[in-house]
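Q: Structure for this input, please:
(chains A and B, ligands or ions: 2)
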Amino acid sequence: MAANAELTGAEIVLQALTDLGVEVVFGYPGGAVLPIYDALHQQSRIRHILVRHEQAAVHAAEGYARSTGKVGVVLVTSGPGATNAVTGITDAMMDSVPLVVITGQVPTHLIGTDAFQECDTVGITRHCSKHNYLVKETARLGDVLHEAFYIARSGRPGPVVIDIPKDVQILRARYTRPVTTGHKTYKPQIKGDLASIEAAIEMLAAAERPILYTGGGIINSGPVASQLLRDLARLTGAPVTSTLMGLGTMPHDHPQFLGMLGMHGSYEANMAMNRCDLMVCLGARFDDRVTGRLDAFSPNSKKIHVDIDRSSVNKTVRVDLAIIGDVGGVLEDMIKLWRARNHKPADLEQWWSDIAGWRARNSFGYEQQGKELLPQHAIRRLFEMTRAKKPIISTEVGQHQMWAAQQFGFDAPNKWLTSGGLGTMGYGLPAAIGAQVANPGALCIDIAGEASIQMNIQELGTATQYRLPVKIFIINNEYMGMVRQWQELNHGSRYSESYSDSLPDFVKLAEAYGWKGVLIENADGLDAGIEAMLAHDGPVMVDCRVAKLANCFPMIMSGAAHTDMILHEGDTQGERDEDAKALV
Amino acid sequence: MKHLPPERHTLSILVDNEAGVLARIVGLFSARGYNIDSLTVADVSGDHAVSRITVVTNGPPPVIEQIIAQLDRLVPVHRVLDLTALGPHVEREMALVKVAGAGEKRVEALRLADIFRARPVDTTTGSFVFEVSGSTEKVDQFIALMREVGLVEVARTGVVAIARGSEAV
Ligand SMILES: Cc1ncc(C[n+]2csc(CCOP(=O)(O)OP(=O)(O)O)c2C)c(N)n1
Ligand SMILES: [Mg+2]
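A: Numbers count the residues shown, from 1 in each chain, chains lettered A, B, ... in the order given. Ligands and ions are numbered 1, 2, ... in the order given. Down below sits the predicted model:
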C-alpha cells in the first residue's frame, strides 16, 4: 500500500489495529459496522471470533486481556449491539481490564433522529468506560484508535469505547501511523515518590506485626510485579494476603501466604489484617468485601497504600502514607532501598506464632463423608487433578466462585479470571473462551454454577465453531446458592425465587452443541468424571451434582467486623435486623 | 469520614473543550452523590481548545478530596484546582433581577440598586431589570431586598472564580 494513499475509514480501523499489534477481535456484525466487517474479510492478519451475544464478546475480550496482559478488542454494531455490550464494559471498568470496544453508529446525518438501531452509545457508556469517543471525521480515526489503546492500558487500565458512524467508515482519508503514542494531557503518574518509598521501608523495617495486603493491581502491573512481591515478602518476612482479584501473585502454598481475605477469606488473613501494626496495601482498593465494617477495620495499624489511581487512596479508609505509582516500579524501589539500607527481617516470631494459632482453625477445611459430594471437595479434587497442567480458571458468580477462590490454588498471575467488582453471572464461559483463544495449548476451565452458566450458555456454539477445547465444570446445587445462603442467614430461610427449577439436561445440551457431556452424580463418580473431562481433547461440560444446601464459610456478614467471622453453620442466626438486611 | 461537618469549596477545572466533557463532570457528581451548588462553564482559550469549569460544591473534607481525585482521573481533565484550599481568590457572580412596581416601591428599588451598584439594563414604566454582580452573599442580599419591592424573576450565572496574584494556574 502506498504510504500516502487514502483509505476508507474501515480500512483505517483495520490498519491501525494491525499496527497496534492486535491479533484477535471478538465481535458480532450488524448494519452499522458492515464496512468494517467488509474490510475484515479482505485481510488475513486479524482473526475475528464470532460470539453469540455481544456481552460475551466483551467478557471474551476480558478473558483474553486478563490471561495475556494485552488489550482486548471488541467490535459490535450500533443500538442493540452496543447496549448488549454495556454489562461487559462495566465489568471491565470495575475490574480494571484494558479493552478497546469499537461500536458502529448510524451515519452522522442521522444522529439524533431516533434512526433505526440508533442509541446514544457515548452517553450510555460515559460512566462505565474509562473514556469514550464519537469519531465524526474519518481523518481522526487513526489517531483516536492509537490514543484509545494508550488510554486503555496506561495508568489504571480500563475499557475505552470508540463509536464510529457508518459514513465515517466509508469516507476516505490518509492514515499515517503516529510516531509517538500518548495523550496530550492524560499522563498518569507511574513512578512512585522516592521519599515516600523510603518512609515506607522504614515503617516496614520497624513493624512488629506487618502484613502485605495485595490485589489485582499487581497482576495488572505485569508478571514481574508478582516476582517482586515474592522477593519483598522473602526479604521482610512479612505475611501476605490477597484479594479475590490478586490470587496468583503469591504461590498458594507459600509459607508466608495467608490466603484470600475478606467476606469469604481465611480466618488467618482476616485476623492478621485486624491485629497488624502495619498494613501495606499493594494494588488493592479497600473494597467493602475486604474491609467489612469500616469503623472496626484494622483499628490499631498504620496503613500504607500503593496505587496507580489517586482516587482509590483515602476513599473509604484513611491511610498514613500514600504512594501513587505503578506498584511494580514501587516494589522494585522498595526492594532496592531495603537492600541498600541493609535491613534484616524484623523479629516476627510472636506475630507468626499468633498467625499459626489462627491457621490452626483450618477455616477452609471441610469433611467429605459418604456419597453426597461437597462442593468444596469437588473443586479441591479438580485442583489436585489438574494442577500439574497449570490451568487457567474462570468462574461465574456465586458460592462456586468463592469455593474456587478458597480451594483452587494458584501459583502464577494471569491464571485466575473472575468477575470481582461487578460480580457478573455469565462472565465465566466467554472469559474462558477468550483465554483459550489467547492460550491455545492451555487447559481452560470455567468453574460454574448451574444458574450462572445459563446466562451466556449460547457461547457453547462459539467454542464449537473455533474448536476451542474449553471445559465447563458446573457445581450444580440446584440453587442460586449464594442467594439462597443469604436468604437462609438473613431472611429466615425463605427461599424466594432462588431455586433453579426446570434445569436442562446439561449432558444432552452439551451434546446438542457438539460438546462432550459428563455427569458426576455423587462423590463416587468424582474422580472418574474429572478424568473423563481431561481425557477428551475437545470442549467438555461437566454437570457435577453437589450437596444442595451447603453454605460458603467462613463468612463476614456485610457490616460485620473482621473479628466477627462466621466459621461454621452453627454460628448463624437465621434472621437479621433491618439495618443489616439493607446492606449488600 | 463522611460525618465531619461540610465545607464549601470552589473548584476550578480546566478541561479539553470537546463534546461530552460537561456531561462527564456533571455525571460524576450525580453518580457519586456529590453536591453541586453552582456550575459555570465557558471556553477560555484563544483556540477554543480549553474550557474552564467552575464548580461550587460542599462536603466534609475527605469528600472534597475524593471529588478532586475523581475529577482528576477523567481523561479530558487537565487540572483541578481547589481555589478554597489554595487561599486568596476572587469569586464573582452576576444576576439579572426583574422588579415590577409603581410609586414609592419603584423609587425604593432604584435607591437600593444604587447602593448595591446594580445597573438598570432594561426599563419600562412599570419595571426594571437590574444587573448586579459581586460575591454570592452580595447577590443574595440584593435579591432578598428586591423581594420587598416587587421582585418578579431572577437569572443568575453561578460563581466564576480565579486565584489572586500574577500567576496562571
Ligand atoms: C447478572 C447477575 N444477576 C444476578 C446476580 C445476583 N446473584 C449473585 S450469585 C447468584 C446465584 C448464582 O447461582 P449459581 O450460578 O447457581 O451459583 P451458586 O451460588 O449456586 O454456586 C445471583 C443470582 C448476579 N451476580 N449477576
Ligand atoms: Mg447453584
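
Q: Next, give phi and psi for A:Arg172.
A: phi -110, psi 150 (degrees, to the nearest 10).

Q: A:Lys130 now?
A: Torsion angles, degrees, to the nearest 10, at A:Lys130: phi -70, psi -40.

Q: does A:Arg52 sit in a helix, a strand or a coil?
A: With DSSP: H, G, I helix; E, B strand; the rest coil as the basis, A:Arg52 sits in coil.

Q: wait, A:Asp524
A: helix.

Q: Check A:Thr464 too.
A: Assignment for A:Thr464 (three-state DSSP): helix.

Q: A:Thr241 now?
A: strand.

Q: which residue packs closest to it, ignoring adjacent ones?
A: Using Cβ to Cβ, 6 or more residues apart in numbering or on different chains and skipping the chain neighbours, the partner closest in space to A:Thr241 is A:Ala269 (4.0 Å). For every residue, glycine as well, the C-beta is placed using N, CA and C.

Q: Can you give me the neighbour number for the residue of the stretch 251-400 of chain A found nearest ligand 2?
A: Residue nearest to ligand 2 within the stretch 251-400 of chain A (Cβ to the ion): A:Gly398, separated by 5.9 Å. Using other Cβ atoms under 10 Å in any protein chain shown, A:Gly398 has 25 other residues around it.

Q: same question, A:Met203
A: Counted with other Cβ under 10 Å, A:Met203 comes out at 18.

Q: Likewise for the one 5 residues further on?
A: As a burial measure, the neighbour count of A:Glu208 was computed by other Cβ under 10 Å and equals 12.

Q: okay but A:Asp411 is in contact with A:Pro251, surely?
A: Yes: counting by Cβ atoms under 8 Å, A:Pro251 is a contact partner of A:Asp411 at 4.6 Å.

Q: Mind jotting down where the strands sit in the stretch 151-300 of chain A?
A: Applying DSSP state E, counting those that start in this stretch to the stretch 151-300 of chain A gives strands spanning A:159-165, A:172-174, A:210-214, A:240-242, A:257-260, A:278-282.

Q: average pLDDT for the fourth one?
A: It refers to strand A:240-242. For strand A:240-242, the mean pLDDT works out to 98.

Q: Check which helices and strands it is in contact with.
A: strand A:210-214, strand A:257-260, helix A:267-275 (3 or more Cβ pairs under 8 Å, 6 or more residues apart in numbering or on different chains; DSSP states H and E).

Q: Show me which residues of it are buried.
A: Neighbour counts using 16 or more other Cβ atoms under 10 Å in any protein chain shown place A:Val240, A:Thr241, A:Ser242 of strand A:240-242 among the buried residues.

Q: What is the nearest of those to ligand 2?
A: Set against ligand 2, the nearest of the buried residues of strand A:240-242 by Cβ to the ion is A:Ser242 (25.2 Å).

Q: Looks to me like A:Ile304 is in a strand.
A: Yes: if the criterion is three-state DSSP, then A:Ile304 is within a strand.

Q: now it: how far from A:Ala207?
A: Distance of A:Ile304 to A:Ala207, computed by Cβ to Cβ, to the nearest Å: 10 Å.

Q: shared neighbours, those two?
A: A:Leu278 (Cβ atoms under 8 Å, 6 or more residues apart in numbering or on different chains).

Q: Looking only at neighbour counts, state which of those two leads.
A: A count of neighbours by other Cβ under 10 Å puts A:Ile304 above the other of A:Ile304 and A:Ala207, at 25 against 21.
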